[in-house]
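Mind folding the following:
(chains A and B)
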Amino acid sequence: MPFDWSPLWLSLRYAGLATLCSVPLGVLLAWLLAHRHFAGSELLDAAANLPLVLPPAVLVYYSLAGLGRWPLVFNWHAAVIVSTIYTLPLLMRISRAGFEAVDHSFENAARSLGASEWRIFWRITAPLAWRALLAAILAGFARSLADFGITAIVATGAAWLGLLIGVVGLAALYFGNRLRRGWVWA
Amino acid sequence: MIEVRLAGLGVEAEFQAAAGITALFGPAGAGKTLILDAIAGFVTPGNGRILLDDEILFDGASGVNLPPRLRRCGYISRHWALFPHMSLRDNLLFPLARFARLERHRRVKEMLERFALHEAAPRRPHEVSAAERLKCTVARALIGESKLLLADEPASGLDIGLRAEWHKALRLVRDETELPVLLATRELDTCFELAGTMLVLDGGRILQSGPPQNVLDQPANVEAARLLGIRNVFSAEIMALDPGRNTSRLKLDNFELTGPYFPGRLRGDRVWLCVQAVDLRVGPHDGSKPQANQVPARLERALEMPRAVRLEFAGSIVAEIPRQEFERQKDNKEWLVEFPPQALRVV
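Numbers count the residues shown, from 1 in each chain, chains lettered A, B, ... in the order given. Purely as a prediction, here's the structure:
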């Protein structure tokens, strides 16, 4: 029986597309939050980080409801969109940390030398933060790839599979933590 | 010519600066960096007006606030901020994006020659010497069409050799361009060596301005005197004033002094008497009655300095004398400190 590569290929495709979609938005948000203080910036920060704390099932439910796709309509577009939203906060947080680590005196020097903010980003900020940006993209991709639960719910309609993965994952995390502390049933 | 009037952000300052170097002198937290940043456009002051050659950079009343890239203010930060991922040549090319290719290369070549950076040009900042980095920073700030140069203590913490390079580069700018240069510094020596005018700043306010020698000769107030390193500052009362003989009589806590006539002062005024440590004369006290303006004093400690010895006497009197003179007198048991009348300043 030939080995079935299709699940891996599917996951890679979704993860790649989701990462591709979340990079511009995540980097833009990260840059904005790292460089600009405006009315509502803290609210935007909190909202962008919301997917990080929401359980996947809840995220899927509200994302699809927000997209007007409720009752659930399962297709790959929806899977990519939900995965993008799920990946965004991690990518944004790492990128933002990278931007904030760039000494602002370089950016100010570039401003005094007549450079526009766009040019400063491409010529100064991004090259100096490239390690963090690459780490953010890789972490976003890994998160998206690993998040099979969301893909399973959205793309296959097998909500039970996603929930099962979520429950098993949570249980593993819970018992893993307890085991790490040296007691299980106490 | 730059005209600055700033209010807000903890700074209240108004001054003008023409071609040449104007030093913003003051301790940490005096507001020097904030003023430079406001002129460069990195921070927005609450109110005020900044004019550079009749162009309004900022006007709080009308809401004009040019972005930094349009202000044409070369800025040298204390970290120098050469872009570490570019070669020195690319650093110099960075401000020239709007120029034609030939003009870009002409300007870079000229700057490399002027600052002797040809050999270092293809290397990145971490691959060249600190002196070359410093020169490249100055060259980059000048290579565009800057109408003003702002320097925020780039020499703080540098060794003597680098400081000399920095001063040499600034003298080059001063002598070969018509740019006004605003130089933030905490060093009085730098003000005297480079600046035609200095502003004494503290707590976001300008305490005094003028040529460095004039400022040091006649501090505007006691805060300025202390910032300028004048160690002998005493509270005194004017007992007598005689404009005819150009004399005055001052009563301090423990002794009286004769000074010159102080125009604008009245008998009975409480003033601060300032005397620079190097202006005091010291000698042995052989027990005879001290002459006018001589005060017997007990030496508390003698501090070695590179070219002088600082003598700290009881009563917060501080004198500085050449090392050789101290060697001749170091066995004195009793000391007399003389306050020359022409060295007395009241604020």
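
and the stretch 1-150 of chain B, which of its residues are near chain A?
Contact residues (Cβ under 8 Å from any Cβ of the partner chain) of the stretch 1-150 of chain B with chain A: B:40-42, B:67-75, B:77, B:79, B:81, B:83-85, B:94-95, B:97-98, B:140-141, B:144, B:150. Where you see a C-beta, it was placed from the backbone N, CA and C, and this is true even at glycine.

can you pull the buried residues of the top strand by length along chain B?
Determined from DSSP state E, the single longest strand within chain B is strand B:232-242. Of the residues in strand B:232-242, those buried by neighbour count under the rule 16 or more other Cβ atoms under 10 Å in any protein chain shown are B:232-234, B:236-238, B:241.

Adding distance to chain A and pLDDT, write those residues out as JSON lines.
Compiled in JSON lines, those are given as follows (distance: Cβ to the nearest Cβ, whole Å; pLDDT from 0 to 100):
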{"residue": "B:232", "distance to chain A": "40", "pLDDT": "93"}
{"residue": "B:233", "distance to chain A": "37", "pLDDT": "93"}
{"residue": "B:234", "distance to chain A": "43", "pLDDT": "93"}
{"residue": "B:236", "distance to chain A": "47", "pLDDT": "94"}
{"residue": "B:237", "distance to chain A": "51", "pLDDT": "93"}
{"residue": "B:238", "distance to chain A": "50", "pLDDT": "93"}
{"residue": "B:241", "distance to chain A": "53", "pLDDT": "91"}
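
For chain B, which segments are assigned as helices?
In chain B, helices defined by DSSP state H lie at B:32-40, B:88-93, B:101-114, B:130-143, B:160-176, B:188-194, B:212-217, B:222-227, B:323-329, listed in chain order.

where does chain A have low pLDDT?
Where chain A drops to pLDDT under 70, the residues are A:1-5, A:7-8, A:56, A:64, A:67-75, A:148-186.

residues from it in reach of chain B?
Applying the criterion Cβ under 8 Å from any Cβ, the portion of chain A that neighbours chain B consists of A:103, A:105-106, A:108-116, A:119, A:123-124, A:127-128.

which of those residues count as buried?
Buried among the residues of chain A next to chain B (16+ other Cβ under 10 Å): A:105-106, A:108-115, A:119, A:123-124, A:128.

follow-up on the earlier one: got a list of contacts for the longest strand of chain B?
Judged by Cβ atoms under 8 Å, 6 or more residues apart in numbering or on different chains, the contacts made with strand B:232-242 from elsewhere in the structure are B:222, B:225-226, B:247-253, B:256-257, B:261-262, B:265-277, B:280, B:316-318, B:346.

Please convert the buried members of those into ChimeraX selection syntax.
Selecting only the buried entries of the contacts of strand B:232-242 in ChimeraX, with 16+ other Cβ under 10 Å as the criterion:
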select /B:222,225,226,248,250,257,262,271,272,273,274,275,276,277,280,317,318,346
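
quick revisit: tabulate the buried ones among the residues of chain A next to chain B (a markdown table), appending distance to residue A:137 and secondary structure.
Rendered in a markdown table, the data for these read as follows (distance: Cβ to Cβ, whole Å; DSSP: H, G, I helix; E, B strand; the rest coil):
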| residue | distance to residue A:137 | secondary structure |
| --- | --- | --- |
| A:105 | 27 | helix |
| A:106 | 22 | helix |
| A:108 | 27 | helix |
| A:109 | 27 | helix |
| A:110 | 24 | helix |
| A:111 | 27 | helix |
| A:112 | 31 | helix |
| A:113 | 29 | coil |
| A:114 | 31 | coil |
| A:115 | 25 | coil |
| A:119 | 22 | helix |
| A:123 | 20 | helix |
| A:124 | 19 | helix |
| A:128 | 16 | helix |
